[in-house]
Structure formats: structure tokens, C-alpha cells
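>>> make a model of this:
(one chain, ligands or ions: 2)
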Amino acid sequence: MARRVGILGGTFDPPHLGHVAVGVESCFRLDLDATHMMVANNPWQKSSSRRIAPATSRWVMTEAACAGHPLLVADDAELARGGETYTIDTVEPLVAAGVEVFLILGDDAAARLDTWHRCEELADLVTVGIVARPAVTPARLARHWRATRIECPLLDISSTEVRRRCAAGEPVDHLVGPGVLSVIEAEGLYGFGR
Ligand code: ATP
Ligand code: MG
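Ligands and ions are numbered 1, 2, ... in the order given. Next up, the predicted model:
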């Protein structure tokens, strides 16, 4: 039987408990073998607008975020490939190897799918699993996408808010896992402890 794998792509700057919830629920609800938290190397749609933490820091935090969650896998395939990150380049070899790929997205990301590189080819290769995000209107996908919605507890957490709190000296230990917090502290990321 083909392996069924979820790909939850992100900048993970930093990974937070919202990502963990989406990863675990997508795997469970869609009966996947695992959901991979795929760390973007150079998220081309984001990197022009703000400074992003080094890929090595985001990788170590993502490994820490997945630790202790048997349904989650931290995946460095896009970091290993280097360069700008296009999901189609990640998905093509998996599908060629017989893997059934589920692209897991929050509603904000899903609404932008048609701006992605080679999106029509991507639509032929994956099933999209969409998760609601607080205060985000449910995405309406164009007809070429095969899509399903995933029930998941709503967690009003974003990396943007975690970064803001770190810089402002506000607590984040309830928004990220302890391993992620250790890396933020040790590396002084996002202005933590300054
Ligand atoms: P930022 O604020 O920097 O954009 P983020 O919290 O949105 O960070 P990303 O790395 O941009 O995190 O998101 C990766 C994926 O996870 C996207 O598909 C996004 O929609 C989804 N996601 C992130 N946080 C949540 C959440 N709290 N609930 C549901 N989906 C989420
Ligand atoms: Mg985001």
C-alpha cells in the first residue's frame, strides 16, 4: 500500500503549539503514516518583507517541536536542497516514489495556493488538507485542487505573536514547547532576554 504522508510546510520561525496541533490532528484525522513538518529554506514569498532566523535555528527548533510526538516528523529535505523553496520540488520525488501526499495548510496559506510556483502541476499531485485558523475566513479553493477540511482545535497562536512577545519580554512558555523555548533562550532569538 502506498505510504500516506502529510506535508506541513512552514517557516517555523519559531514552531509553536498551533503547528503541533495541526500536525498531529491532520495525521490522525486523515489516517496518515506521519505528518512531516517541512522547514522552508528560503520562503521566497516572505523573505523580502522581514528578517528570518537562520535555517539551522529553525531546524533545531522544529526537531524540538516534534520530539515526543510519534505522529510528527521534522523534515529537512528543503533545507538540504537549498535555494528558494518551492513545494512542487519537494512533492514531485515523493509522488514518483509512490507516496500519497497530503498538503496540510491553515486557511491563510490555503487562500494563497494559486500564487505558488507551478501550482497547477502541484494540484495534480496532492490532496490538500485545510485547517481553520482563528479570525481567518475559510479559503475557497479553485476547482483544480482536490481538498478536504480537517477538524482541529482552534489555537490562536502565530509565530508573529511569539516573536513580538519575545521582543517585548512577555511570556511565551504557554505558546511553544519547552524544547523550542530552550533554543530561543539559548540563542537569544527574536530579542529574547535583551
Ligand atoms: P508567521 O506569523 O510568521 O506567518 P505562522 O504562525 O503563520 O507564522 P507559518 O510557518 O507561517 O506559521 O505557517 C505554517 C503553516 O501552519 C501554514 O499553513 C499556516 O496556515 C499553519 N498554521 C500556523 N499556525 C496555525 C494555527 N494556530 N492554526 C492553524 N494553522 C496554523
Ligand atoms: Mg504564516
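
>>> please verify my assumption that C27 contacts L72.
Yes - taking CB atoms under 8 Å as the definition, C27 is a contact partner of L72 at 7.3 Å. For every residue, glycine as well, the C-beta is placed using N, CA and C.

>>> next, count neighbours for the closest residue to ligand 1 within the chain.
The chain approaches ligand 1 most closely through G106 (2.1 Å), counting by CB to the nearest ligand atom. Neighbour count of G106, defined by other CB atoms under 10 Å: 21.

>>> pLDDT score for the residue nearest to it when sequence neighbours are not counted?
Excluding the flanking residues, the one nearest G106 by CB to CB, 6 or more residues apart in numbering is R133, at 4.3 Å. The pLDDT attached to R133 in the predicted structure is 97.

>>> could you do S49 as well?
75.

>>> W44: neighbour count?
13.

>>> for it, what are its contacts?
84-86 (CB atoms under 8 Å, 6 or more residues apart in numbering).

>>> and H174, how far from V136?
21 Å (CB to CB, to the nearest Å).

>>> looking at those two, which is more packed in?
Remark: of H174 and V136, V136 carries more neighbours, 14 against 8, as counted by other CB under 10 Å.

>>> disregarding flanking residues, what is the spatial nearest neighbour of that one?
D107 (4.3 Å).

>>> ditto for R163
Y190 (4.4 Å).

>>> what separation is there between the residue of the chain closest to ligand 1 and G10?
G106 is 9 Å from G10, by CB to CB.

>>> in this structure, what residue spans correspond to strands?
4-10, 34-39, 72-75, 100-106, 126-131, 146-150 (DSSP state E).

>>> format those as TSV; extra columns: distance to T90.
Shown next, in TSV, are the strands of the chain (distance: least, CB to CB, whole Å):
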stretch	distance to T90
strand 4-10	7
strand 34-39	6
strand 72-75	9
strand 100-106	9
strand 126-131	10
strand 146-150	18
